[in-house]
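*Asks:* need a structure here:
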Amino acid sequence: MTTDPRREPSLELQRQINDSIAARNRSNRSGTSTLDGDTSNSSCQSPNDAAGNEKAEPGTPPVGSQFEYLDHPADIVLHSWGVDLPQSLSNLVLCMFGYMTSLDSITINKTQSSDHGTNVTGQGHDLHSLVYSFLDEWLFNFHDSGFVPNEVEVEVRDVWRIVSSGKGEVMDIKRHPQGTEVKAITYSGMRVEEKEGRFDVYVVVDI
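*Replies:* This next block holds a predicted model:
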């Protein structure tokens with residue numbers, strides 16, 4: 001697929017990005033948006049990290065999470081949501097990794113997070129290509145390093161560029177349950193919807 005860097009966003013897509021930046025001071029139980037210059041920043045983490053609750057198995061969202069898995073004839077649909085686009089994208093990353101292992105089993109290793117979980121960038125020419133690029137970069141990072149985050153922070157740097165970082169550790173099959181491998185991100189059935197102050201993202205992944 002080729003992209004045209006001269007392509008301008010539609011008014012509707014521009015509005016979604018602008019609204020996500022304007023909403024960055026709102027928070028909910030799984031993440032917080034903060035104001036920092038001209039960037040939108042949202043951080044989300046696995047809700048059972050310190051709660052002592054029963055650990056969720058791979059492919060089962062932890063209680064209180066803002067993502068779920070929907071059936072698909074051949075693959076799986078990742079569905080995440082949040083009060084703004086950055087928060088929904090943060091949850092989308094957790095959704096993908098939660099299908100491959102139990103996020104509750106992932107602890108935060110500062111060294112590994114610094115080495116493998118920083119400056120994961122997505123860039124596109126429209127909203128769908130931005131989501132695809134962002135999630136694909138996280139999947140590539142996992143295939144390259146084995147790093148799994150259970151906390152993700154996303155910043156909107158400009159209209160079609162986002163930068164993220166994650167806190168977690170490198171997957172160890174001796175300690176982390178193995179779920180189903182995500183092989184690739186697809187454009188099939190991808191949707192980004194905004195309604196009543198909530199952003200929903202749907203992405204089909206190849207398993």
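
*Asks:* Quick check: closest non-adjacent residue to S188.
*Replies:* V204 (4.7 Å; C-beta to C-beta, 6 or more residues apart in numbering). Where C-beta positions appear, they are placed from N, C-alpha and C, glycine not excepted.

*Asks:* May I see the buried residues of the longest strand anywhere in the chain?
*Replies:* As assigned by DSSP state E, the longest strand anywhere in the chain is strand 147-158. For strand 147-158, a neighbour-count test (16 or more other C-beta atoms under 10 Å) marks 147-156 as buried.

*Asks:* quick one: which two of those residues are the most distant?
*Replies:* Maximum pairwise distance in the buried residues of strand 147-158, criterion C-beta to C-beta, is 23.8 Å, between V148 and V156.

*Asks:* Would you map the strands across this structure?
*Replies:* Using DSSP E, strands in the chain cover 27-28, 31-36, 39-45, 67-71, 76-82, 120-123, 147-158, 161-170, 184-185, 191-195, 198-206.

*Asks:* Can you lay out those as JSON lines showing distance to S133?
*Replies:* Formatted as JSON lines, those follow (distance: least, C-beta to C-beta, whole Å):
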{"stretch": "strand 27-28", "distance to S133": "26"}
{"stretch": "strand 31-36", "distance to S133": "21"}
{"stretch": "strand 39-45", "distance to S133": "17"}
{"stretch": "strand 67-71", "distance to S133": "19"}
{"stretch": "strand 76-82", "distance to S133": "15"}
{"stretch": "strand 120-123", "distance to S133": "4"}
{"stretch": "strand 147-158", "distance to S133": "13"}
{"stretch": "strand 161-170", "distance to S133": "9"}
{"stretch": "strand 184-185", "distance to S133": "9"}
{"stretch": "strand 191-195", "distance to S133": "13"}
{"stretch": "strand 198-206", "distance to S133": "12"}
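
*Asks:* mind checking which of those is nearest D104?
*Replies:* Across these, closest to D104 is strand 147-158 (C-beta to C-beta), at 7.8 Å.

*Asks:* what angle do that closest one and strand 76-82 make?
*Replies:* 60 degrees (axes from the mean of the first three to the mean of the last three C-alpha atoms, to 10 degrees).

*Asks:* Strand partners (parallel or antiparallel) of strand 147-158?
*Replies:* For strand 147-158, the paired strands and their directions (DSSP bridges) are strand 39-45 (antiparallel), strand 161-170 (antiparallel).

*Asks:* Between those, which has the poorest mean confidence score?
*Replies:* Mean pLDDT values for those show the minimum at strand 39-45, a mean of 54.

*Asks:* just checking, the residue nearest to S188 touches R191?
*Replies:* No: between V204 and R191 there is no contact under C-beta atoms under 8 Å: 9.9 Å.

*Asks:* Okay then, goodbye and thanks.
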